[in-house]
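In: What follows is a predicted protein model with its sequence.
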Amino acid sequence: MAVEKVYLNGKYLPAAEASVSIFDRGFTFGDGVYEVIPVYGGRLFRLPHHLARLRYSLAEIRLSVSLNDDEMTLIFKRLLGGGTDDASIYLQITRGSAPRNHAFPDTISPTVLAYAQGIVYPNQRTREAGVAAVSYPDQRWHRCDIKSVSLLANVLARQYAHERDATEAVLFREGFLTEGAASTLFVVHNGQLLTPSLGHSILPGITRKLVLELALKHGLQCQQTDISEQQVKQADELWLSSSTKEILPIVKLDGNPVGEGKPGPYYHQIIKLYDEFKSRFRHGKVS
Ligand code: PDD
């Protein structure tokens, strides 16, 4: 869905009139960070968590921005314009424009871009059918905990999947599962729900955090641990989670059925809890 209005460096502009310098370090070096925030019924989902992760990413790349969390929130709300549709917010902050030189410029004026985009979240049919995925080597850098706009390895992985009619690439590093090209992964193996531990190898997914909270609250144990490629290949269930795909079951991996080749009982349990949480959120009962 087309983006009409954007926020760029203090101004609200029609998308067609917004432009950044060819010397912007986001363009030349991929020197920046971003966030994708789901919006349900016009309300920003898990906003404090997204803002906290943004602050973490900014701190880790040593970029400071004058906007505080309240000011950021106001920008998002203004972009949403009081609408009640489902949407997502994209926010990108780069180290601004400067003559090309790898080291930081002496004076930095970050480029801040944000826009709201209409989105249709996966429907019941997609959830019931599940999606296909393919294995792919994790060729990314060693700071995948930073939500950086340098996404070339993720782009190549997702394109590899796309060319094989798959929704996601499941990434492995040295024989162990990391995450998807743009999602967190969960595995059910021998009756245990598992997900890779946090660290420098994966993004601390906000949806991941909610899945863990819901699982814990409802007595469904989820272990954060190393998961071998073999465990993934023998999984009874495999799911992906992200802000734009919510939680989706992967029913085919590299052309082979995962478990029975259909969404499993653990998935049904978690998606029910997730939908209940979302519904309470839509009605303002949880934040
Ligand atoms: N990506 N891992 C990677 C590499 C991701 O890019 C994403 C999300 C996730 C899931 O994180 P979260 O649950 O906070 O969305 C994990 C977003 C949606 C994107 O790049 O469009």
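Out: Sure thing, it's come through.
In: Now for Leu63: which residues touch it?
Out: The contact partners of Leu63, taken as C-beta atoms under 8 Å, 6 or more residues apart in numbering, are Gly32, Val33, Ile93, Arg95, Ile108, Pro110. Heads up, the C-betas are built off the backbone N, CA and C, glycines and all.
In: what subset of these is also close to the ligand?
Out: Contacts with the ligand are made by none of those, judged by C-beta under 6 Å from any ligand atom.
In: Which of the residues you listed fall within strands?
Out: Per DSSP state E, strands hold the following members of the contacts of Leu63: Gly32, Val33, Ile93.
In: out of the residues you listed, who's nearest the ligand?
Out: Closest approach between these and the ligand, by C-beta to the nearest ligand atom: Val33, at 11.3 Å.
In: ok, now which ones touch the closest one?
Out: Leu54, Ser57, Leu58, Ile61, Leu63, Gln92, Ile93, Ile146, Lys147, Ser148, Val149.
In: could you redo the last one with a cut-off of 6 Å?
Out: The contact partners of Val33, taken as C-beta atoms under 6 Å, 6 or more residues apart in numbering, are Ser57, Ile93, Lys147, Ser148.
In: Please report how far the third one lies from Leu74.
Out: Pointing back at Lys147 there. Distance, Lys147 to Leu74, using C-beta to C-beta, to the nearest Å: 21 Å.
In: More neighbours: which of the two?
Out: Lys147 (23 against 13; other C-beta atoms under 10 Å).
In: so can I have TSV of the ones in strands among the contacts of Leu63 showing pLDDT?
Out: Listed next are these as TSV, based on pLDDT from 0 to 100:
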residue	pLDDT
Gly32	99
Val33	99
Ile93	99
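In: before we move on, the earlier item: quick one: mark the members of the contacts of Val33 that sit in strands.
Out: Among the contacts of Val33, the residues falling in strands (DSSP E) are Ile93.
In: Leu253: which of the contacts of Val33 is nearest?
Out: Lys147 (25.8 Å; C-beta to C-beta).
In: dump the residue contacts of that closest one.
Out: Counting by C-beta under 6 Å, 6+ apart, the residues that Lys147 touches are Val33, Tyr34, Ser57.
In: and what of Glu229?
Out: Phe172, Gly175.
In: where's it relative to the ligand, distance?
Out: 18 Å (C-beta to the nearest ligand atom, to the nearest Å).
In: For that residue, give me phi and psi.
Out: Backbone torsions for Glu229, taken as degrees, to the nearest 10, come to phi -60, psi -40.
In: What sits closest to Ser64 if chain neighbours are left out?
Out: Closest residue to Ser64 apart from its sequence neighbours, by C-beta to C-beta, 6 or more residues apart in numbering: Leu58 at 6.9 Å.
In: Quick one, grab the pLDDT at the residue lying farthest from the centre of the chain.
Out: Here the chain reaches farthest from its C-alpha mean at Asp106, the gap being 32.0 Å by C-alpha atoms, centre = their mean. As predicted, Asp106 sits at a pLDDT of 97.
In: What parts of the stretch 151-287 of the chain come near the ligand?
Out: 154, 179, 182-184, 203, 205-208, 241-244.
In: from those, which is closest to Tyr160?
Out: The closest of those, once distances to Tyr160 are taken by C-beta to C-beta, is Asn154, at 10.7 Å.
In: For that closest one, give me its contacts.
Out: Ala181.
In: As a check, name the ranges of all helices in the stretch 151-287 of the chain.
Out: 152-162, 206-217, 229-233, 265-282 (DSSP state H, counting those that start in this stretch).
In: Format the ones you listed as a markdown table; extra columns: mean pLDDT.
Out: A markdown table is the format used below for these (pLDDT from 0 to 100):
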| stretch | mean pLDDT |
| --- | --- |
| helix 152-162 | 98 |
| helix 206-217 | 98 |
| helix 229-233 | 98 |
| helix 265-282 | 98 |
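In: Looking at these, which one is packed in the most?
Out: helix 206-217 (a mean of 18; mean count of other C-beta atoms under 10 Å).
In: ok, the closest residue to Arg25 other than its chain neighbours - how many residues close by?
Out: Leaving aside its sequence neighbours, Arg25 sits nearest to Asp31 (C-beta to C-beta, 6+ apart; 3.9 Å). The number of residues packed around Asp31, counting by other C-beta under 10 Å, is 20.
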